[in-house]
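Undergrad: attaching a predicted model along with its sequence, questions to come.
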Amino acid sequence: GSEYDAWTNDGVLEYYWGEHIHLGYYSEAELAAGWKKKDFKEAKFDFVEEMLQWSGAKDPKNILDVGCGIGGTSRYLARKFPNAKVTGITISEEQVRRATELAKEQGLSNVEFKLVNALDMSFEDDTFDLV
């Protein structure tokens, strides 16, 4: 987690990658037209939507975002599902701090961030209906 802490404090990931530290989604048509024509940060939101569609989730109540980074996807899901409780976990204290700060700035009260190793989670079985 120390490198994630350093990158979060430097702001380098947030500057270049936006709120989501994952890749984006490009349709076949977008790829054929040239993937560089699509906004990289927009592609990340499209990726989240594609994963939601694939999951079949309609109205989840308890959502877990594993490896949440600075919480971009967690906050997106908190806005999309305002009646759900969203929990983001990461191994970086600084990412927890920044994610919490951004959630507060954005007025989101249904999302929280925790320092948890995904390989050593202590959540009860069936706590989450969307992961």
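TA: Perfect, I can see it now.
Undergrad: what sits up against stretch 96-103?
TA: 8, 14, 19, 68-71, 74-75, 78, 88, 90, 111-115 (C-beta atoms under 8 Å, 6 or more residues apart in numbering). For the C-beta atoms, the positions are set from N, CA and C on the backbone; glycine is no exception.
Undergrad: buried sites along the longest helix belonging to the chain?
TA: Counting residues, the longest helix found in the chain (DSSP state H) is helix 40-55. Within helix 40-55, the residues scored as buried using 16 or more other C-beta atoms under 10 Å are 43-48, 52.
Undergrad: mind giving me TSV with those and columns for pLDDT and distance to residue 29?
TA: As requested, the buried residues of helix 40-55 are exported to TSV (pLDDT from 0 to 100; distance: C-beta to C-beta, whole Å):
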residue	pLDDT	distance to residue 29
43	89	13
44	89	18
45	90	17
46	92	12
47	92	16
48	92	19
52	94	20
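Undergrad: is residue 113 in a helix, a strand, or coil?
TA: Judged by DSSP: H, G, I helix; E, B strand; the rest coil, the three-state class of residue 113 is strand.
Undergrad: quick revisit: what's the spacing between the longest helix of the chain and its chain's center?
TA: Going by C-alpha atoms, centre = their mean, to the nearest Å, the spacing between the C-alpha centre of helix 40-55 and its chain's C-alpha centre is 11 Å.
Undergrad: again with stretch 59-72
TA: On the basis of C-alpha atoms, centre = their mean, stretch 59-72 sits 6 Å off its chain's mean C-alpha point.
Undergrad: and that stretch, what's buried?
TA: Neighbour-count burial for stretch 59-72 flags 60, 63-65, 68-72 (criterion: 16+ other C-beta under 10 Å).
Undergrad: try stretch 7-27
TA: For stretch 7-27, by 16+ other C-beta under 10 Å, it's 7-8, 13-14, 17-21, 24-26.
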